[in-house]
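Peer 1: just the structure for this:
(one chain, ligands or ions: 1)
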Amino acid sequence: MCPPPVVLTIAGSDCCSGAGLQADLKVFSMLGVHGLTAVTTVIAETPLQVHGVYDMSTAALKEQVRSLLACYPVAAIKTGLLGPASNVVAVAELLEQSRRPLVVDPVLSSSTGTSFDFEGVITAYRERLLPLATVLTPNQPEAEKLLSPPSGPGLQEEPLELASQLGSTFDAAVVLTGGHGTGKHAIDLLWDDNRVSTFESPRAPVASAHGTGCTFSSALTAFLAQGHSLHQAVSGAKHVVTRALTESYQWTEESSSGELRALNQLPAEAFRVPASK
Ligand code: PXL
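Peer 2: From the prediction side, this is the model:
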């Protein structure tokens, strides 16, 4: 039997499995690629609350990535939540010589608003990791932070302006994801070497969405590893997230504050969508 393409996610552990490397692995296996994981940080959380953050040592992170890259024919790599700035730098050092497609999802906060923007992280992204990326997948707040001058006022640009500034600054394609907006449609914008495409879906009627960014970027990585074009891969990844949102199941918290939602808890067939033409 022909082995499937291999992908590596370098990301945090989300113990409730809606986001992080657990979400990535589920998406990878549903899309038919073999997923490897290097853990950067361990997040103790439930879909509505982050309880604690426990970083891996840089040595542990490096050893995971090094040994995996030495052993497997890795076709594409994604980074998610990396933890402290030292981890961002370590990952950049490890991937400097890599020629594989690199998807950087610059996770700077949880869906519930807990900041992961630790000291020096933005600078480490800007100076070390973003220049190595093939494609960046920030949401609007992440794009604004990555482009804001250190300690200056926050940027408030139009999506197209943000995507083109990021793309031309770091010589990468950019997918600015639109899930954080409020309009009737969730619009993702792809900027690729001055070509712009938009991908639109009706905004899913869900109260809270945990793990959409990870689901999107891991699906994108899987489709790239399978040899799809960037445009096809973005279109396919958008489809995966839309299905994940509309078909996610939920639990109701017994105690106080209402509903818990977890993404990716899907029947396998929901993920069996080929990237479109
Ligand atoms: O959804 C962003 C995210 C990414 N990665 C990990 C997380 C979270 C959200 O909390 O825990 C590991």
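Peer 1: now the helices for this structure?
Peer 2: For the chain, the helices defined by DSSP state H cover 20-31, 58-71, 85-95, 121-124, 140-147, 159-170, 212-225, 230-247.
Peer 1: let me have these in TSV, adding distance to the ligand, mean pLDDT and mean neighbour count as columns.
Peer 2: Glycine gets a C-beta too; all of them are placed from N, C-alpha and C. Converted to TSV, the helices of the chain look like this (distance: least, Cβ to the nearest ligand atom, whole Å; pLDDT from 0 to 100; neighbours: other Cβ atoms under 10 Å):
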stretch	distance to the ligand	mean pLDDT	mean neighbour count
helix 20-31	3	94	25
helix 58-71	14	98	15
helix 85-95	12	98	21
helix 121-124	14	97	20
helix 140-147	10	95	20
helix 159-170	19	96	18
helix 212-225	5	96	30
helix 230-247	12	92	22
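Peer 1: how long is stretch 29-38 from one end to the other?
Peer 2: From its first residue to its last, stretch 29-38 covers 16 Å (Cα to Cα, to the nearest Å).
Peer 1: so what touches stretch 180-192?
Peer 2: 139-141, 159-160, 163-164, 166-167, 173-179, 196-204, 216, 230-231, 234, 238, 242 (Cβ atoms under 8 Å, 6 or more residues apart in numbering).
Peer 1: can we see that at 7 Å?
Peer 2: Stretch 180-192 is contacted from outside by 139-141, 159-160, 163-164, 167, 173-179, 196-203, 230-231, 234, 238, using Cβ atoms under 7 Å, 6 or more residues apart in numbering.
Peer 1: one more: stretch 71-79?
Peer 2: Here stretch 71-79 makes contact (Cβ under 7 Å, 6+ apart) with 5-11, 36, 91, 95, 98, 100-105, 217-218, 221, 224-225.
Peer 1: next one: phi and psi at Gly32?
Peer 2: phi 80, psi 30 (degrees, to the nearest 10).
Peer 1: list the contacts of it.
Peer 2: By Cβ under 7 Å, 6+ apart, Gly32 lies in contact with Pro4.
Peer 1: now distance to Thr134 too, for the helices of the chain, in a markdown table please.
Peer 2: Below are the helices of the chain laid out as a markdown table (distance: least, Cβ to Cβ, whole Å):
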| stretch | distance to Thr134 |
| --- | --- |
| helix 20-31 | 17 |
| helix 58-71 | 16 |
| helix 85-95 | 11 |
| helix 121-124 | 19 |
| helix 140-147 | 16 |
| helix 159-170 | 10 |
| helix 212-225 | 8 |
| helix 230-247 | 8 |
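Peer 1: quick check: which of those helices is nearest to Ser111?
Peer 2: For Ser111, the closest of those is helix 212-225, at 7.4 Å, according to Cβ to Cβ.
Peer 1: now do the contacts for Gly12.
Peer 2: By Cβ under 7 Å, 6+ apart, the contact set of Gly12 is Gly20, Leu21, Thr40, Thr41, Val42, Ile43, Gly80, Leu81, Gly83.
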